[in-house]
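K.L.:
fold the following, please.
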Amino acid sequence: MPRGKTVQDTDILTMALRGYEQEIEKIQQKIAAIRAQLRGKASAKQAAVIEEPKPKRRLSAAARKRISAAQRKRWAEHRKKMAQASKAE
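P.N.:
All right, here's what the predicted structure looks like:
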């Protein structure tokens, strides 16, 4: 079996290198296009910062109780499963 690189191996590697270089060029063009779009949107972003922030959404007491009860139920089920698993060992 011959040792070292064959002509076919170097040809394949050269073609692969060219293909990857082309992909790099395509990606760089896409990055440049996105950066150009971001530069154009800077004024709109600054305008959004000036606007008043939306008020926080507040939960009612009933909603907090429902959420709390649901969480306690989930934890109870979790503890029950953990207890069963430790008994099984």
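K.L.:
and residue 74, how far from residue 81?
P.N.:
11 Å (CB to CB, to the nearest Å). C-beta: built from backbone N, CA, C; applies to glycine.
K.L.:
kindly apply the preceding question to residue 15 instead.
P.N.:
Taking CB to CB, one finds residue 15 at 57 Å from residue 81.
K.L.:
where do the helices sit along this structure?
P.N.:
7-40, 42-50, 61-88 (DSSP state H).
K.L.:
a markdown table for those helices, including mean neighbour count and mean pLDDT?
P.N.:
Shown next, in a markdown table, are those (neighbours: other CB atoms under 10 Å; pLDDT from 0 to 100):
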| stretch | mean neighbour count | mean pLDDT |
| --- | --- | --- |
| helix 7-40 | 10 | 89 |
| helix 42-50 | 8 | 53 |
| helix 61-88 | 10 | 94 |
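K.L.:
so what are the domain limits for this protein?
P.N.:
As given by automatic domain parsing, the domain ranges for the chain are 1-51, 60-89.
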